[in-house]
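Student: Quick one: sequence and predicted model below, then my questions.
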Amino acid sequence: ITGAGAQSTIINADSIDRVFHVLTGGILTLSQLQVTEGFADRNNGGGIFNEGVLNIDYCEISTCVANLLDETSFLGGGFGGGIANHGTATIINSTLKNNQAIGCEGPRALTGGGGGGSTPGFGGGIYNHSSASIQLINCTISGNYAIGGMASRGSTNGGSFSSTGSTGGGPNPGTNGAANAGAGGNATGDYSGGGGGGSSCSNGGNGGNGGYGAGGGGTGARSCGGSSGGIGIGGFGGGDGDQSCCSSSGGGGAGAGFGGGIFNNGGAVTLTNVTVAYNQALGGFGRTSQGGYAARGLQGSGIGGGIFNRTGTVDINNTLIANNNATISTSGYIALDTIYEDLFGTFTSVNGHNLIFATGTSTTLGGTTTGNIVGQDPLLLTLAMNGGTTFTHAIEKCPNSPAIDAAFDGIAPALDQRDFPRFDVYGLTNI
């Protein structure tokens with residue numbers, strides 16, 4: 001499909017469904033157009049879900065959402081707001097902006113049973129699956145969000161002295177605890193919440209533990225008064241379930257938000273002359289401490305504002321990664337504060353010459369480190385039409401950005417994303 005330019009030819013799904021699903025064995029090539037307002041409510045890939053071969057050139061993927069609907073159990077979703085790649089993808093001279101991947105709030109507590117754990121949001125711009133591969137050249141990934149589902153609600157006992165808990169959220173959730181203080185089940189797979197404990201007059205059932213990125217289940221109520229029972233522990237990045245209190249039950253913990261720009265889940269990602277900036281990974285909203293009457297569970301963690309590499313290979317070259325935020329979400333899906341963390345995980349580089357503003361404390365940069373600039377602000381200007389057919393970030397020239405003349409000519413395309421010759425002052429190209 002070839003359009004007349006990303007600002008002229010627009011394929012808009014009006015938030016009814018995702019825009020494209022490329023099936024196994026299929027090939028989709030998009031050029032000179034914009035994909036926008038795609039929506040996947042119980043699946044991944046708000047804009048595009050690729051299981052085949054995807055080629056994108058001179059396009060924008062914008063304002064798409066992958067959102068596992070709240071209180072959903074035995075289904076997955078919330079990965080890859082712009083693109084969920086399970087196949088082979090090549091993206092050139094394109095921008096992914098303002099996309100969102102959002103986990104679900106776990107099933108709420110009812111009449112004193114504990115609430116179920118919530119699920120994570122991974123890869124606001126791009127989610128790359130295990131065995132999948134994606135190559136990006138001359139691209140911009142900006143303003144995307146990965147947001148964990150907010151912690152589920154606790155409940156009063158409602159006059160019931162023996163109630164079941166709630167099942168966890170996600171594809172492989174923990175089972176609900178039986179009445180008379182049955183323990184909630186542990187999640188049986190990743191991305192799934194723990195089950196809530198059952199209630200009884202004399203004791204509250206323990207919450208179940210959450211899987212990777214998901215929240216633990218809440219404790220069932222001790223309906224005749226007081227607090228008892230153990231909380232469900234959140235999986236990596238997920239919030240713990242809440243302790244029952246004062247004859248009420250606790251809610252399940254919130255989900256994690258990983259990889260505001262890109263989340264790689266075991267595949268291969270290669271970036272050459274790419275800008276990854278102003279993306280956000282936000283842990284789901286929740287409490288900051290145990291207790292509270294009929295209260296939600298604890299908040300999740302936001303990790304890897306720019307790129308999160310869980311496993312697999314992420315190869316970065318001539319790439320600028322800066323001003324990406326990793327923190328907690330408010331109840332309105334707004335960042336609570338600003339904590340720059342551009343990368344999380346292990347990264348490699350064949351050619352080096354990357355500018356990374358804030359690597360974070362859990363990041364390893366391997367391979368060729370020649371020409372890398374770490375810890376310097378690249379002085380990016382806001383996303384705008386700076387020429388060409390897609391939005392880009394310009395770099396400040398007065399004072400000079402450290403990205404100027406800092407790239408490796410041997411791999412840099414002769415033209416930048418706008419199809420302009422790369423600005424060259426002292427014989428080197430810009431990152």
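Tutor: Now that the structure is in, tell me what you want to look at. Numbering: from 1, shown residues only.
Student: Apart from its neighbours in sequence, what residue is nearest D416?
Tutor: Closest residue to D416 in three dimensions, ignoring its sequence neighbours and counting by Cβ to Cβ, 6 or more residues apart in numbering: R422, at 5.2 Å. Bear in mind the C-beta positions are built from the backbone N, C-alpha and C, glycine included.
Student: so how far is V22 from the one you found?
Tutor: 32 Å (Cβ to Cβ, to the nearest Å).
Student: out of these two, which sits in the busier spot?
Tutor: V22 (21 against 18; other Cβ atoms under 10 Å).
Student: so that one makes contact with G45?
Tutor: No: counting by Cβ atoms under 8 Å, no contact exists between V22 and G45, whose distance comes to 9.4 Å.
Student: What residues of the lengthiest strand in the chain count as buried?
Tutor: Using DSSP state E to assign secondary structure, the strand with the most residues in the chain is strand 262-277. Residues of strand 262-277 classed as buried by neighbour count (16 or more other Cβ atoms under 10 Å): 262-265, 267-277.
Student: Pull the distance from stretch 358-366 to the chain's centre.
Tutor: Stretch 358-366 has its average C-alpha position 18 Å from the chain's average C-alpha position, going by Cα atoms, centre = their mean, to the nearest Å.
Student: do the same with stretch 362-372
Tutor: Using Cα atoms, centre = their mean, the mean C-alpha position of stretch 362-372 is found 23 Å from that of the whole chain.
Student: And stretch 71-86, by the same measure?
Tutor: Its chain's C-alpha centre lies 10 Å from the corresponding centre of stretch 71-86 when counted by Cα atoms, centre = their mean.
Student: Any buried residues in it, and which?
Tutor: 71-73, 75-86.
Student: what does stretch 224-231 give?
Tutor: S227, S228, G229, G230, I231.
Student: Keeping just the C-alphas, turn that stretch into CSV.
Tutor: Listed in CSV are the C-alpha atoms of stretch 224-231, where the atom choice follows Å, rounded to 0.1, in the frame of the first residue of the first chain:
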residue,chain,number,x,y,z
CYS,A,224,-15.7,-10.7,62.1
GLY,A,225,-13.0,-8.0,62.6
GLY,A,226,-9.3,-7.5,62.5
SER,A,227,-6.6,-8.4,60.0
SER,A,228,-5.0,-11.7,59.1
GLY,A,229,-3.7,-13.8,56.2
GLY,A,230,-0.7,-13.3,54.0
ILE,A,231,-0.4,-11.1,50.9
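Student: for that stretch, the distance to its chain's centre please.
Tutor: Between the mean C-alpha point of stretch 224-231 and the mean C-alpha point of its chain there is a distance of 34 Å (Cα atoms, centre = their mean).
Student: do stretch 144-160 as well
Tutor: With Cα atoms, centre = their mean as the basis, the distance from the averaged C-alpha position of stretch 144-160 to the chain average is 19 Å.
Student: and it, how far apart are its ends?
Tutor: From the first residue to the last, stretch 144-160 extends over 44 Å; the measure is Cα to Cα, to the nearest Å.
Student: what's the average pLDDT for it?
Tutor: Taken as a whole, stretch 144-160 carries a mean pLDDT of 95.
Student: which parts of that stretch are buried?
Tutor: Of all the residues in stretch 144-160, those buried under the rule 16+ other Cβ under 10 Å are 144-157, 160.
Student: And these, which is closest to T368?
Tutor: The shortest distance between T368 and any of the buried residues of stretch 144-160, using Cβ to Cβ, involves N144 and amounts to 27.5 Å.
Student: what's near enough to touch the nearest residue to the closest one once chain neighbours are set aside?
Tutor: If you skip the residues right next to it in sequence, N144 has G124 as its closest partner in space, 3.4 Å away by Cβ to Cβ, 6+ apart. Contact criterion Cβ atoms under 8 Å, 6 or more residues apart in numbering gives 81-82, 99-101, 144-147, 259-261, 279-281 as the residues in contact with G124.
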